[in-house]
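Undergrad: Would you be able to build a 3D model of this:
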Amino acid sequence: MPVAGRIEDYALIGDMQTAALICRNGTADWLCLPRFDSHAVFAGLLGTEENGFWRLGPTPVGSAEPQPATRRRYRGDSLILESEWDTDRGTVRVTDFMPPRDGAPQLVRIVEGVSGRVPMSSALRMRFSYGWVVPWVHKVDHRTVAVAGPDSVWLDTDVETYGKDLTTYADFTVAPGDKVAFTISWQASHLKPPPHPEPFTALENTEEFWREWVGQCTYHGPYREAVIRSLITLKALTYAPTGGIVAAPTTSLPEDIGGVRNWDYRFTWLRDAAITLSSLLRTGYRDEARAWREWLLRAVAGDPENLQIMYGIAGERELGETELTWLDGYEGSKPVRVGNGAAGQLQLDVYGEVTEALHLAHMTGLARNDYASLLQLKLIRYLEDHWDEPDEGIWEVRGPRRHFVHSKVMAWVAVDRTIKLIESGEVDGPLERWRDLRDEIHRTVCEKGYDKERNTFTQSYGSKELDASLLLIPQMGFLPPDDKRVIGTIEAIQRELSTEDGFVVRYPTLGVEAGVDGLEGDEGAFLACSFWLADDLAMIGRVDEARQLFERLLSLRNDVGLLAEEWDPKLKRQVGNFPQAFSHVPLIDTALRLTASGAYGG
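TA: Purely as a prediction, here's the structure:
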């Protein structure tokens, strides 16, 4: 049976080391254990129920499909999900969460009777290695354990379970006040069993953890609900042991339903992590920013000349890309990929993003780290010799390298921020030489990356195509917002890259032909770019238009406030990996900008 949910039908729970996606109908269809980048135990999201799932909800009548929850929400400002079903027998609530980890990773599901007497069913089908391996499931001291190779998953519950069709089932009824808990815990199979869980204590502790964490937020503006939910999501995507931040907790959710634009996002992109650090710093989360800076210094180590665009969550460099041929893909979107071959690409803009993040950390008073300053100088020495080379650019094209304008702009940012560091007296460097370099990059971009006839910057030197990354030119300070070339670029992107709803695609695609990115197929509106447009509109004084666009973007969030990477304007649904840090970060940034400008509704 194919997976039931649209991408926006899922909610996220997690423990800052891995995450699960729970569908409206009470099914956990995605969970990797013990880390974000581990093999999935539930991979039904990318295949069928045969590839692993855990459904918990009211017992369907006859052959009926499991029904979606009548309503669901996160409990306050937390990552604790509450789903409620109103049935003809009564009302029941299921609370799903993953306790911040102090031992074995756990997924806890608590069923609570609200009214009437509601028959309930649990169906747990564990499949290791992304749905490929059927484990040996047996009982050990009244606990159910599934074992295969290096992995074991333990199920603990007080209700009776039974096995059928390679699935573990439980049938029970709850009345008002009844509470029934289920917990699965991962443990390396060669170790002793994990401790017996204490689900109700874990619930209290988890709620307290999120209450204290959210209490640190310094933003109290009109968009606080959306900002807080985005911050919680970013925190959930942070791998607590190292400070690395994954771009998303999923792989191969398609940018084009049924197409080939399916990528593994369970890694730390320097670009995504750097802009995430920016949002965290601007909202009061210095500990996370400090942890990411330490992760960066360890990952890059003494080798900035070989800076990768992404690393594993502990700083791993080898991220080889393979295809899982036994999985049919989300709604038939093949191939399903794990690993990411883009790790070996040259993307010069990353040097700018990293330097900007280090600059912001310095400007906001994060304690000085001498090696961070040394790293910044090393990055610029590398850029001196390589900034004028073609690269794959911000969007990781799989076509030929080009002189992407955004890459050159970000090279300018890297040099500019380092000059500011030297001018502050914090470090020494060849100030005049790098001022000349900054001027040279700026002059070259304005000469080769600008189309005078159309009054717009272009995607790459000599091209006619536009690129939404050009919206960052005023935000990075490359040119002031009132420069006619900036205004012309914004208006050209609105004309040529906007959808009917005013959202923005990254660049033109060619459908059945391979476009600039070397891939066939199209894609939806890229949500980060759409937020960038709202930012730019506010910067050039069109604040009402900016606010209206921002609030339309907020309306795309699902019922629990989450965004994928893109919005398909034809299908009117979210597409791409989910939830996506690169969507939630600019949401925060635009909210802060609009709040500062007073551009918000009543």
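Undergrad: Do you have the helices of the stretch 101-250 of the chain handy? List them.
TA: Taking DSSP state H, counting those that start in this stretch, the helices of the stretch 101-250 of the chain run over residues 128-131, 199-214, 224-236.
Undergrad: can you state the direction angle for the last one and helix 199-214?
TA: Looking back up the chat, that one is helix 224-236. Comparing the axes of helix 224-236 and helix 199-214 via axes from the mean of the first three to the mean of the last three Cα atoms, to 10 degrees yields an angle of 110 degrees.
Undergrad: Could you give the separation of helix 224-236 from the chain centroid?
TA: In terms of Cα atoms, centre = their mean, to the nearest Å, the centre of helix 224-236 is set 12 Å apart from its chain centre.
Undergrad: Need the mean per-residue confidence for that helix.
TA: Per-region confidence: helix 224-236 scores 97 on mean pLDDT.
Undergrad: Tell me which of the helices of the stretch 101-250 of the chain sits most buried.
TA: With neighbours defined as mean count of other Cβ atoms under 10 Å, those peak in mean count at helix 128-131, which reaches a mean of 23. Just so you know, the C-beta spots here come from the backbone N, C-alpha and C atoms, and that holds for glycine as well.
Undergrad: and that helix, how far from the chain's centre?
TA: 22 Å.
Undergrad: same question for it, mean pLDDT?
TA: For helix 128-131, mean pLDDT is 97.
Undergrad: by contact count, what packs against it?
TA: Under the contact criterion of 3 or more Cβ pairs under 8 Å, 6 or more residues apart in numbering; DSSP states H and E, helix 128-131 touches strand 40-42, strand 143-148.
Undergrad: in its sheet, what does the longest one sit against?
TA: Each strand that strand 143-148 pairs with, and the sense of that pairing, follows from DSSP bridges: strand 136-140 (antiparallel), strand 151-157 (antiparallel).
Undergrad: Run the chain-centre distance for that strand.
TA: On the basis of Cα atoms, centre = their mean, strand 143-148 sits 31 Å off its chain's mean C-alpha point.
Undergrad: What ranges does this protein have for its helices?
TA: 128-131, 199-214, 224-236, 270-282, 286-300, 349-363, 370-386, 405-423, 431-448, 472-475, 484-497, 527-539, 543-554, 581-597 (DSSP state H).
Undergrad: Just give me the neighbour total for the closest residue to residue 311 other than its chain neighbours.
TA: In space, residue 311 comes closest to residue 299 once its chain neighbours are excluded; the distance is 4.6 Å by Cβ to Cβ, 6 or more residues apart in numbering. Look at residue 299: counted by other Cβ atoms under 10 Å, it has 24 neighbours.
Undergrad: Do you know the pLDDT at residue 299?
TA: At residue 299, the pLDDT value in this model is 86.
Undergrad: That one against residue 310, yeah?
TA: No: with contacts counted by Cβ atoms under 8 Å, residue 299 stays clear of residue 310, the gap being 9.6 Å.
Undergrad: what residues do these two have in common as contacts?
TA: The overlap between the contact sets of residue 299 and residue 310 (Cβ atoms under 8 Å, 6 or more residues apart in numbering) consists of residue 268.
Undergrad: hang on, the earlier thing: for residue 225, find the nearest of the helices and strands packed on helix 128-131.
TA: strand 40-42 (29.7 Å; Cβ to Cβ).
Undergrad: by contact count, what packs against the closest one?
TA: Contact partners of strand 40-42 among helices and strands, from 3+ Cβ pairs under 8 Å, 6+ apart: strand 27-32, helix 128-131.
Undergrad: what's near enough to touch residue 44?
TA: When the contact criterion is Cβ under 8 Å, 6+ apart, the partners of residue 44 are 3, 27, 29, 30, 50, 51, 52, 53, 131.
Undergrad: between these, which is closest to residue 119?
TA: When these are compared for distance to residue 119, the smallest value, 17.5 Å, is given by residue 27; criterion: Cβ to Cβ.
Undergrad: so which of the helices and strands packed on strand 40-42 gets nearest residue 478?
TA: The stretch from the helices and strands packed on strand 40-42 with the least distance to residue 478 (Cβ to Cβ) is strand 27-32; that distance is 39.3 Å.
Undergrad: Partner strands of the closest one, with direction?
TA: For strand 27-32, the paired strands and their directions (DSSP bridges) read strand 19-23 (antiparallel), strand 40-42 (antiparallel), strand 53-58 (antiparallel).
Undergrad: Show me what the first one is in contact with.
TA: By Cβ under 8 Å, 6+ apart, the surrounding residues in contact with strand 19-23 are 3-5, 9-14, 28-32, 36, 42, 45, 68, 81, 83, 96, 98, 107, 236-237, 249-250, 578.
Undergrad: Ok, the second one next?
TA: Strand 40-42 is contacted by residues 20, 28-33, 46, 51-54, 126-128, 130-131, 151, 153, 186 when judged by Cβ under 8 Å, 6+ apart.
Undergrad: which of those count as buried?
TA: Among those, those scoring as buried are 20, 28-33, 46, 51-54, 126-128, 130-131, 151, 153, 186 (criterion: 16 or more other Cβ atoms under 10 Å).
Undergrad: sorry, back to before: looking at the helices and strands packed on strand 40-42, which is nearest to residue 537?
TA: Among the helices and strands packed on strand 40-42, if distance is taken as Cβ to Cβ, the winner is strand 27-32, at 36.0 Å.
Undergrad: Dump that closest one to PDB, keeping only the CA atoms.
TA: Backbone C-alpha positions of strand 27-32 (Å, rounded to 0.1, in the frame of the first residue of the first chain) are rendered in PDB as follows:
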ATOM      1  CA  THR A  27       1.400   6.900  11.000                       C
ATOM      2  CA  ALA A  28       5.100   7.400  11.500                       C
ATOM      3  CA  ASP A  29       6.400   6.900   8.000                       C
ATOM      4  CA  TRP A  30      10.000   8.100   8.400                       C
ATOM      5  CA  LEU A  31      12.500   7.500  11.200                       C
ATOM      6  CA  CYS A  32      16.300   7.000  11.000                       C
END
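Undergrad: one step back: out of the helices of the stretch 101-250 of the chain, the one nearest residue 116 is which?
TA: When the helices of the stretch 101-250 of the chain are ranked by proximity to residue 116 (Cβ to Cβ), helix 199-214 comes first, at 22.8 Å.
Undergrad: ok, residue 271 to residue 407 distance?
TA: According to Cβ to Cβ, to the nearest Å, residue 271 and residue 407 sit 11 Å apart.
Undergrad: Spit out the residues that contact those two alike.
TA: Common neighbours of residue 271 and residue 407 (criterion: Cβ under 8 Å, 6+ apart): 347, 349, 394.
Undergrad: which of those are buried?
TA: Buried members of the shared contacts of residue 271 and residue 407, scored by 16+ other Cβ under 10 Å, are 347, 349, 394.
Undergrad: Just to check, the last one is in contact with residue 347?
TA: Which is residue 394. Yes: with contact taken as Cβ under 8 Å, residue 394 and residue 347 are classed as touching, separated by 6.6 Å.
Undergrad: overlap in contacts of those two?
TA: Shared contacts of residue 394 and residue 347, defined by Cβ under 8 Å, 6+ apart, are found at 271, 407.
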